[in-house]
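Undergrad: Sequence first, predicted coordinates after that:
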Amino acid sequence: MNLHEAKRDIIEAGRRVYQQGYVASNDGNISCRLDEDRILTTPTGMSKGFLELSDLVIVDYDGKKVSGSRNPSSEIGMHLFLYRERPDANAVVHAHPPTATGFAVAGIPLTECVLPEVIITLGAIPIAGYGTPGGPEISEPIRKWVQDYDAYLLENHGATTIGTDVMNAYYKMETMEHFAKILFVAKQLGGVNLLDERQVADLIKIRERMGLRGPQPACDWTPGVSQIQPAASSNGIPTLKTKSAGAPANAAPSGQNGNVQPDLVDEITRRVMQELKKLS
Ligand SMILES: [Zn+2]
């Protein structure tokens, strides 16, 4: 990826992450692949809301600094882990969005079948067990989910998303937090009306017809019963592929203003509603 474009995307995603309140103080980190030897990352110890081009740091796939006047993110190890495990991921966003993180603190994964566009674009968002931030222990609990999902809650910590590019990973973070807010309100109002197995199967058919793939089962359709299980084994071959939800093969690449994903979500919602009408 072009270095200047990559820098601009990371700065824009950092600005949005901070403005949306997904991070406080100097929290959070964002990175993307530049090529097979280098990763561009946010620096440690700085607010992600006000970064400048010269603040970003280039590291190699061992996390060693290649260039930049600042030091790389303290969570670069988790980013490197995700790039190793998911060759299809080109960007990682880590933040502490308060509602989704609240679910992670409460031990409630975002796996219920509630919103069609979430089922189609993310499937579900499982919780990876706790690991000390900044160390290698944070990555290992993600391993069991990494092949099947693109968004992970981190127990008592925050959330991480991966994507085909920086804005794609950022929009997954936005979708996750939006979903968490809606689910929280529904729970406050007295209950969550889950989509049932047939309705979910219909969404999966639509997803397939749209050329998108994702984990099966995509979400939990029975109250209190988890259909979501980690992948039995990891053979290094990516099996998922909610990534394609953010960038279908025939879609134009995300521009510097990152407008592709919101349009896509609108389009998915419109087509889902159309298909559901046909089925009913
Ligand atoms: Zn964090």
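TA: Okay, I see it.

Undergrad: For burial, what's the neighbour tally of Phe50?
TA: By other C-beta atoms under 10 Å, the residues close to Phe50 number 11. Every residue, glycine included, has its C-beta placed from N, CA and C.

Undergrad: how close does Val66 sit to Pro72?
TA: Distance, Val66 to Pro72, by C-beta to C-beta, to the nearest Å: 10 Å.

Undergrad: go on, Phe81?
TA: Distance of Phe81 to Pro72, computed by C-beta to C-beta: 14 Å.

Undergrad: which of the two has more neighbours?
TA: Neighbour count, other C-beta under 10 Å: between Phe81 and Pro72, Pro72 has more, with 25 against 19.

Undergrad: That one touches Lys65, doesn't it?
TA: Yes: in this structure, Pro72 is within contact of Lys65 by C-beta atoms under 8 Å, at 6.1 Å.

Undergrad: so what sits against both of the two?
TA: Counting by C-beta atoms under 8 Å, 6 or more residues apart in numbering, the contacts common to Pro72 and Lys65 are Val57, Val59.

Undergrad: contacting residues around Ile127?
TA: Ile127 sits in contact with Phe103, Ala104, Gly107, Ile108, Pro109, Tyr152, Leu153, Leu154, Glu155, where contact means C-beta under 8 Å, 6+ apart.

Undergrad: Helices of the stretch 1-150 of the chain, start to end?
TA: With helices called from DSSP state H, counting those that start in this stretch, the stretch 1-150 of the chain shows them at 3-19, 76-85, 98-106, 116-121, 143-146.

Undergrad: quick one: average confidence on the second one?
TA: Taken as a whole, helix 76-85 carries a mean pLDDT of 98.

Undergrad: With the shortest one instead?
TA: The predicted model gives helix 143-146 an average pLDDT of 94.

Undergrad: how distant is the next helix or strand after that helix from the center of its chain?
TA: Toward the C-terminus, helix 143-146 is succeeded by strand 151-154 as the next helix or strand (DSSP states H and E). Distance of strand 151-154 from its chain centroid, counting by C-alpha atoms, centre = their mean, to the nearest Å, is 8 Å.

Undergrad: Stretch 56-63 now?
TA: Mean-position distance between stretch 56-63 and its chain equals 21 Å (C-alpha atoms, centre = their mean).

Undergrad: One more: stretch 63-78?
TA: Using C-alpha atoms, centre = their mean, the offset of stretch 63-78 from its chain centre is 21 Å.

Undergrad: Let's see the distance spanning it from one end to the other.
TA: End-to-end distance for stretch 63-78, by C-alpha to C-alpha, to the nearest Å: 10 Å.

Undergrad: In stretch 70-81, which residues are buried?
TA: For stretch 70-81, a neighbour-count test (16 or more other C-beta atoms under 10 Å) marks Arg70, Pro72, Ser73, Glu75, Ile76, Gly77, Met78, His79, Leu80, Phe81 as buried.

Undergrad: same check, this time on stretch 83-100
TA: Across stretch 83-100, burial judged by 16+ other C-beta under 10 Å covers 83, 85-86, 89-100.

Undergrad: now swap in stretch 52-65 and tell me
TA: Across stretch 52-65, burial judged by 16+ other C-beta under 10 Å covers Asp55, Leu56, Val57, Ile58, Val59.

Undergrad: so which pair among the residues you listed is furthest apart in space?
TA: Across those, the longest distance by C-beta to C-beta is 14.0 Å; it joins Asp55 and Val59.

Undergrad: Now do the same contact list for Ile108.
TA: For Ile108, the contacting residues are Ile127, by C-beta under 8 Å, 6+ apart.

Undergrad: give me that answer again for 7 Å
TA: The contact partners of Ile108, by C-beta atoms under 7 Å, 6 or more residues apart in numbering, come to none.

Undergrad: Against Pro126, how distant is it?
TA: Distance, Ile108 to Pro126, by C-beta to C-beta: 11 Å.

Undergrad: again, but for Leu183
TA: 15 Å.
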